[in-house]
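Student: My questions are about this predicted structure, shown below with the sequence.
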Amino acid sequence: MILFIDTHDELITIAVKKKDKLYIKTQMSEYSHSIYTMPMIESLFNDNNLDVKDLDKIIVVNGPGSFTGIRIGLSIAKTMAYALKIKINTISSLKAYIISDSINDDKMSVIEDNKGAYIYAVSKDGDILLDEQYVNVNNYNYRQVEHKLDVDKIISYCENMESENPHHIKANYIKKIEVEK
């Protein structure tokens, strides 16, 4: 059984995949992730008679996105993975948007902030055209994907990835924050 956690944006998405069944909860948070995330996870398990002890893996979106939201999602995922001694994997929000999209062409995902944009682009064959980066001006003309997640596609993409050490998982800050400078 796999738990998916995404807190990088205002829309929190929590999902559990058990065999061929996918259970999903979403909640607009207005950036109050600390209020909603754990109760959503608990509710998803309780409402569907799932047991957290049956988890084999956690997949968590590690950004870019809301600084606090990312920290909350990562903290929960890392703590659960460590406590339950299960596998954990991260995926960037940019890559998650690309995976979720069905455009069969060169495409890019973009997350804008007030000074520029985070970008990532792949060819129609899946080759990386632009690795994840922060740009002040986006002059690229690839088709832009929507900010929608297909959780089932993301889980399938991550399902056979090599596990990461929960202690080494970090937020995906493409643009250096002041503390890291």
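Tutor: Looks like it arrived, so ask away.

Student: Tell me how far the most centrally placed residue in the chain lies from Thr68.
Tutor: Geometric centre of the chain, nearest residue: Val61, 2.1 Å, by CA atoms, centre = their mean. Distance, Val61 to Thr68, using CB to CB, to the nearest Å: 14 Å. C-betas here are computed from N, CA, C, even on glycine.

Student: and if you look at Glu42?
Tutor: Glu42 is 20 Å from Thr68, by CB to CB.

Student: Give me the buried positions along the lengthiest helix in the chain.
Tutor: Using DSSP state H, we find that the single longest helix of the chain is helix 67-84. Using 16 or more other CB atoms under 10 Å as the test for burial, helix 67-84 gives Gly69, Ile70, Arg71, Ile72, Gly73, Leu74, Ile76, Ala77, Lys78, Met80, Ala81, Leu84.

Student: Would you reformat those residues as CSV and include pLDDT?
Tutor: Below are the buried residues of helix 67-84 laid out as CSV (pLDDT from 0 to 100):
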residue, pLDDT
Gly69, 93
Ile70, 94
Arg71, 94
Ile72, 96
Gly73, 97
Leu74, 97
Ile76, 97
Ala77, 98
Lys78, 97
Met80, 97
Ala81, 97
Leu84, 97
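
Student: Just give me the closest of those residues to Glu146.
Tutor: Gly69 (19.5 Å; CB to CB).

Student: my read: the closest one touches Ser29, true?
Tutor: Yes: counting by CB atoms under 8 Å, Ser29 is a contact partner of Gly69 at 7.5 Å.

Student: what sits in contact with each of the two?
Tutor: Thr7, Ile12 (CB atoms under 8 Å, 6 or more residues apart in numbering).

Student: Let me see the contact set for the residue nearest to the centre of the chain.
Tutor: Applying CB under 8 Å, 6+ apart, the residues near Val61 are Ile5, Asp6, Thr7, His8, Ile70, Gly73, Thr90, Ile91, Ser92, Ser93, Ala96.

Student: helix or strand for the fourth one, which one?
Tutor: For His8, there is no helix or strand it lies in under DSSP states H and E.

Student: Now do the same for it: its pLDDT.
Tutor: At His8, the pLDDT value in this model is 95.

Student: Now the closest residue to it other than its chain neighbours: phi and psi?
Tutor: Nearest residue to His8, sequence neighbours excluded (CB to CB, 6 or more residues apart in numbering): Gly65, at 2.9 Å. Per-residue torsions, Gly65: phi 160, psi -150 (degrees, to the nearest 10).

Student: Tell me who's in contact with Ile2.
Tutor: Ile2 touches Val16, Lys17, Leu55, Asp56, Lys57, Ile58, Ile59, Ile155, Glu159, counting by CB under 8 Å, 6+ apart.
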